[in-house]
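K.L.:
need a 3D model of the sequence below.
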Amino acid sequence: MPELPEVETVRKSLEDTIINKKIVQVEVFYPKVLQGIQNGEEVLQEKSFSKILRRGKYLLLLLKPNGVLLCHLRMTGKLSYQETLVLKNLTLDLEQGQKIAILGKTGSGKSSLLQLLVRNYDANQGELLLAEKPISAYSEETLRRQICFLTQRVHVFSDTLRQNLQFASADEISDEKMIEVLHQVGLSKLLEQEGKGLNLWLGDGGRPLSGGEQRRLGLARILLNNAPILLLDEPTEGLDRETERQILRLILQHAENKTLIMVTHRLSSIEQFDKICVIDNGRLIEEGDYNSLITKENGFFKRLIERV
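P.N.:
Got it, this is the predicted structure:
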């Protein structure tokens with residue numbers, strides 16, 4: 001087992017290597033390590049390392065936006081990190097109150113753009129401005145009040161259904177409002193489970209949620225949050241077409257007088273957005289409203305629509 005000076009050497013070496021790098025894959029060889037954490041591997045993915053501390057022969061890897069990964073030096077694992085530029089020469093102006101759809105194939109950089117906007121990691125080059133101020137000038141607490149972010153992976157806490165919904169807002173949410181939203185997103189059946197209503201226990205030791213139900217729970221949190229900026233990453237993924245239309249109608253209604261940025265590769269109701277941005281290989285290749293893009297000769301968006 002390494003002596004303390006060697007632990008410090010390892011810490012410094014890792015700090016030079018992984019700070020601000022994103023976790024892209026997690027392999028669990030001993031599941032008991034994540035006992036009590038639902039979707040443990042997914043919880044870690046997409047987070048980045050912000051700082052490394054040493055406590056004796058343990059290393060504490062601090063994660064952004066939150067969390068700590070505890071490592072003992074006898075534990076074995078593999079760290080790999082990204083060096084490729086995910087977004088390149090991308091200039092995009094978004095106005096307050098606009099509804100923006102960001103289109104592109106998987107791996108094009110769409111989700112990375114949203115991650116930058118909430119400072120899950122910082123840009124290596126260029127700058128991001130929010131209300132004409134560098135986004136780095138805002139504290140995480142301020143950004144949380146201003147931005148509601150729905151990721152592709154919705155975390156289910158080991159707690160009651162009520163508390164899983166209350167996490168959507170720092171303000172107290174009434175039971176009546178929670179029940180109304182659960183009906184809207186198609187989760188009313190959870191209220192009937194075991195006769196417990198909002199006291200139904202979810203997560204570890206409780207009622208497991210399917211992938212579709214997790215997605216709907218995330219949408220419920222969006223509808224219960226009053227932040228002026230909404231960032232949605234593939235909010236209707238895994239839903240059938242009719243349900244997708246219903247959910248998009250709810251989202252657009254909730255986003256009235258708010259700024260909405262939605263990442264998607266699906267084209268349902270896309271004409272209702274003020275601006276459509278098409279990203280490919282990390283570059284913004286087209287932007288405009290639906291009518292201007294659909295009439296653009298040999299345009300990328302036009303070809304997408306014609307293939308549907």
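K.L.:
what segments of the stretch 151-300 of the chain are strands?
P.N.:
Applying DSSP state E, counting those that start in this stretch to the stretch 151-300 of the chain gives strands spanning 229-233, 259-264, 275-280, 283-288.
K.L.:
output the lowest mean pLDDT helix or strand found in this protein.
P.N.:
helix 40-44 (a mean of 69; mean pLDDT, DSSP states H and E).
K.L.:
give me the average confidence score over the next helix-or-strand element following that helix.
P.N.:
Using DSSP states H and E, the helix or strand that follows helix 40-44 in sequence is strand 48-55. Mean pLDDT, computed over strand 48-55, is 84.
K.L.:
ok, now stretch 138-150?
P.N.:
Computed over stretch 138-150, the mean pLDDT rounds to 86.
K.L.:
same deal with stretch 192-202?
P.N.:
Averaging pLDDT along stretch 192-202 gives 89.
K.L.:
in it, what's buried?
P.N.:
For stretch 192-202, a neighbour-count test (16 or more other C-beta atoms under 10 Å) marks Lys196, Gly197, Leu198, Leu200, Trp201, Leu202 as buried. Every C-beta, even on glycine, is put in place using the N, C-alpha and C of the backbone.
K.L.:
distance to Gly107 added to those, as JSON lines?
P.N.:
Output for the buried residues of stretch 192-202, formatted as JSON lines (distance: C-beta to C-beta, whole Å):
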{"residue": "Lys196", "distance to Gly107": "42"}
{"residue": "Gly197", "distance to Gly107": "42"}
{"residue": "Leu198", "distance to Gly107": "39"}
{"residue": "Leu200", "distance to Gly107": "37"}
{"residue": "Trp201", "distance to Gly107": "37"}
{"residue": "Leu202", "distance to Gly107": "32"}
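K.L.:
biggest separation within those residues, which pair?
P.N.:
Spatially, the most separated pair among those is Gly197 and Leu202, at 12.8 Å (C-beta to C-beta).
K.L.:
quote the end-to-end distance of stretch 257-275.
P.N.:
End-to-end span of stretch 257-275 (C-alpha to C-alpha, to the nearest Å): 15 Å.
K.L.:
buried residues in that stretch?
P.N.:
258-264, 266, 268-270, 273, 275.
K.L.:
for Leu232, state which of those is nearest.
P.N.:
Closest approach between the buried residues of stretch 257-275 and Leu232, by C-beta to C-beta: Met262, at 4.5 Å.
K.L.:
give the bridge partners for that closest one, please.
P.N.:
Judged by DSSP bridges, the bridge partners of Met262 are Ala101, Leu232.
K.L.:
for the stretch 101-250 of the chain, which segments count as helices?
P.N.:
110-117, 140-146, 161-166, 175-184, 189-192, 211-223, 241-254 (DSSP state H, counting those that start in this stretch).
K.L.:
now tabulate those helices in TSV and tack on distance to Ile279.
P.N.:
Formatted as TSV, these follow (distance: least, C-beta to C-beta, whole Å):
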stretch	distance to Ile279
helix 110-117	6
helix 140-146	22
helix 161-166	32
helix 175-184	31
helix 189-192	36
helix 211-223	22
helix 241-254	20
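K.L.:
out of those, which is closest to Gly97?
P.N.:
Of all the helices of the stretch 101-250 of the chain, helix 241-254 comes closest under C-beta to C-beta, at 12.6 Å.
K.L.:
extract the C-alpha trace of that closest one and format it as CSV.
P.N.:
C-alpha atoms of helix 241-254 as CSV (Å, rounded to 0.1, in the frame of the first residue of the first chain):
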residue,chain,number,x,y,z
ARG,A,241,-45.7,10.1,-30.9
GLU,A,242,-49.1,11.0,-29.5
THR,A,243,-47.7,11.3,-25.9
GLU,A,244,-44.8,13.3,-27.3
ARG,A,245,-47.2,15.9,-28.8
GLN,A,246,-49.1,16.2,-25.5
ILE,A,247,-45.9,16.7,-23.5
LEU,A,248,-44.5,19.3,-26.0
ARG,A,249,-47.8,21.1,-25.7
LEU,A,250,-47.4,21.2,-21.9
ILE,A,251,-43.8,22.3,-22.1
LEU,A,252,-44.5,25.1,-24.6
GLN,A,253,-47.5,26.3,-22.5
HIS,A,254,-45.3,26.3,-19.3
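K.L.:
that helix versus strand 229-233: what angle between them?
P.N.:
Angle, helix 241-254 to strand 229-233, by axes from the mean of the first three to the mean of the last three C-alpha atoms, to 10 degrees: 160 degrees.
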